[in-house]
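*Asks:* Make a model of this:
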Amino acid sequence: MEFDCEQLAIDSDWSLTRTNACHIGVMNSEMGELRDNQLETNWKLNLVLGSSTFITTTIVGALLVIAVRKLWGNNKK
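*Replies:* Numbers count the residues shown, from 1 in each chain. Now for the predicted structure:
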């Protein structure tokens, strides 16, 4: 939503209150877009970090299993 509040005020002979309300509306719209972009970025970041945490946990778990098998596997004669 993009408005040129100053031009609209001139064209429509708005009062200062109406012009200020237009500016506030534009700022609210821009802040809403920023919020939406931030939420989307946070969601993507959580998805990536969650995936990498799962992969890291899986790799560490596999290495622990290999280490335990090596330690207990040396008892054979």
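*Asks:* for the chain, longest helix please?
*Replies:* In the chain, assigned by DSSP state H, the helix with the most residues is helix 16-73.
*Asks:* so where's the protein shaky on pLDDT?
*Replies:* Along the chain, the model assigns pLDDT under 70 to residues 1-2, 74-77.
*Asks:* Next, count neighbours for the closest residue to Cys5 other than its chain neighbours.
*Replies:* Distances taken as Cβ to Cβ, 6 or more residues apart in numbering place Cys22 nearest to Cys5, at 3.8 Å, with adjacent residues excluded. Just so you know, the C-beta spots here come from the backbone N, C-alpha and C atoms, and that holds for glycine as well. Residues near Cys22, counting by other Cβ atoms under 10 Å, number 18.
*Asks:* Then the one 5 residues further on?
*Replies:* Applying other Cβ under 10 Å, we find 10 other residues in the vicinity of Met27.
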